[in-house]
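>>> With the input below, show me the fold.
(chains A and B)
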There are 2 protein chains.
Amino acid sequence: MELFETIFARRSYRGMYDPTPVPREDLQKIMEATLAAPSGCNKQTTSVIAVDDPELIRQFGELMEARNFGSAPAGICILTEKKIAYRDRSFYIQDYSAAIQNALLAICALGYESCWVEGHITDADRIGRRMADLMGVPENLDLVCYLPVGKPADEGGRVKKLPFEERAWFNGYRK
Amino acid sequence: MELFETIFARRSYRGMYDPTPVPREDLQKIMEATLAAPSGCNKQTTSVIAVDDPELIRQFGELMEARNFGSAPAGICILTEKKIAYRDRSFYIQDYSAAIQNALLAICALGYESCWVEGHITDADRIGRRMADLMGVPENLDLVCYLPVGKPADEGGRVKKLPFEERAWFNGYRK
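Model prediction:
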């Protein structure tokens, strides 16, 4: 799929998923794309676990209390290590967010749907930590995002965005 | 250009740039791709200013003390508004980072080089604020990243990354 076509086709899908398994080959391609994103001072703070074990995904669905995301036959877990890039500065959020965007585009280009699930699993109840514990992820890595992967069972929608002129200009603010 | 090909071709280019101007049409496409990234709770916290005014870019190069980035005939300024998404949570860093990744891919697919310039302009000396002031950007928006855009004048390099097996697994940590 062509880059610009993929960028404009990508959407956040919150419906139920078709249970047809996702081939390992596709999950591998998604992970390779994820890790190809840049990172501040090349600290490579992001790592990734693809899940296609039905029992693990069932437990994730229960922890997230999300029937829709739990119905996807596969998922991508985004892990981060809060490393310092230089002096007191860390770019781990920038790093994993760029990696997630690559993952979402790869998922879309391969014909699947997904959704960036972050706020819900990184809230005070630490659902992400409990998901990480199920996979033996050590404490120095945080599971900050879950991306379901699968074909859609519903139609799904698309959010409305502000017009281009409200967010983009040339050589000056609102020019 | 195909998505996966673009993702693996993209690199951080730190050399000098060829002075040939970048057509407005290309800058427009890059900005559209930038704004097509998702944002937490669809708050659309990111906005963007493309620059191709040689005098403005000359001043940017001086402020950044970066002959290489200042030599690019065009650039993309990434602006963010630190809006709350819900309760006390904001996802503006995630939002602009996903947008930047889209921008970098778009720049690469159109045959140009770029580099994610953030840490240097958001440090205590607030170079980004001085760049923003030159463009009349109000105080509620922060200029957090500059992306030079142009053809390369040098060969440039590519950073080395850890092997896939050190950063990606299936159904469990290091599995």
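
>>> hey, let's count contacts and neighbours off CA atoms from now on
Will do.

>>> Helices along chain A, start to end?
A:3-9, A:24-35, A:54-64, A:67-70, A:92-109, A:127-134 (DSSP state H).

>>> Would you format those helices as TSV with distance to chain B and mean neighbour count included?
Formatted as TSV, the helices of chain A follow (distance: least, Cα to the nearest Cα, whole Å; neighbours: other Cα atoms under 10 Å in any protein chain shown):
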stretch	distance to chain B	mean neighbour count
helix A:3-9	4	19
helix A:24-35	6	21
helix A:54-64	8	17
helix A:67-70	15	21
helix A:92-109	5	26
helix A:127-134	8	19
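
>>> can I get those in a markdown table with distance to A:Val149?
Putting those into a markdown table (distance: least, Cα to Cα, whole Å) gives the following:
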| stretch | distance to A:Val149 |
| --- | --- |
| helix A:3-9 | 16 |
| helix A:24-35 | 9 |
| helix A:54-64 | 11 |
| helix A:67-70 | 9 |
| helix A:92-109 | 7 |
| helix A:127-134 | 17 |
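
>>> Redo the ones you listed as TSV? Include distance to B:Leu104 and mean pLDDT.
Converted to TSV, the helices of chain A look like this (distance: least, Cα to Cα, whole Å; pLDDT from 0 to 100):
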stretch	distance to B:Leu104	mean pLDDT
helix A:3-9	11	98
helix A:24-35	14	98
helix A:54-64	33	98
helix A:67-70	29	96
helix A:92-109	10	98
helix A:127-134	29	98
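
>>> give me the number of residues near the residue nearest to A:Thr20 when sequence neighbours are not counted?
Of all residues not flanking A:Thr20 in the chain, A:Pro73 sits nearest, at 6.6 Å (Cα to Cα, 6 or more residues apart in numbering or on different chains). As a burial measure, A:Pro73 scores 22 neighbours (other Cα atoms under 10 Å in any protein chain shown).

>>> which residues touch A:Pro73?
Shown in contact with A:Pro73 (Cα atoms under 8 Å, 6 or more residues apart in numbering or on different chains): A:17-22, A:52, A:54, A:57, A:148-150.

>>> For ChimeraX, write a command that selects the buried ones of those residues.
To isolate the buried ones among these in ChimeraX, judged by 16 or more other Cα atoms under 10 Å in any protein chain shown, type:
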select /A:17,22,52,54,57,148,149,150
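
>>> Tell me which of the contacts of A:Pro73 fall in strands.
A:148-149 (DSSP state E).

>>> Name the nearest residue to A:Val10, ignoring sequence neighbours.
Just so we're on the same page, residue A:10 is Arg rather than Val. A:Cys108 (5.8 Å).

>>> Next: A:Leu162.
A:Leu162 sits nearest to B:Gln44 (Cα to Cα, 6+ apart), 8.0 Å away.

>>> quick revisit: from A:Gly150, how far out is the residue nearest to A:Arg10?
10 Å (Cα to Cα, to the nearest Å).

>>> A:Leu110: how many residues sit nearby?
So A:Leu110, with other Cα under 10 Å, has 15 neighbours.

>>> mind saving the C-alpha coords of stretch A:86-99 as CSV?
Only the C-alpha atoms of stretch A:86-99 are listed here, as CSV (Å, rounded to 0.1, in the frame of the first residue of the first chain):
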residue,chain,number,x,y,z
TYR,A,86,21.4,13.2,27.7
ARG,A,87,21.8,15.2,31.0
ASP,A,88,18.3,15.1,32.5
ARG,A,89,16.3,14.7,29.3
SER,A,90,14.4,11.6,28.2
PHE,A,91,12.5,11.2,25.0
TYR,A,92,10.9,7.8,25.7
ILE,A,93,7.3,9.1,25.1
GLN,A,94,8.4,10.6,21.7
ASP,A,95,10.2,7.4,20.9
TYR,A,96,7.3,5.0,21.6
SER,A,97,4.7,7.3,20.0
ALA,A,98,6.6,7.4,16.7
ALA,A,99,7.0,3.6,17.0
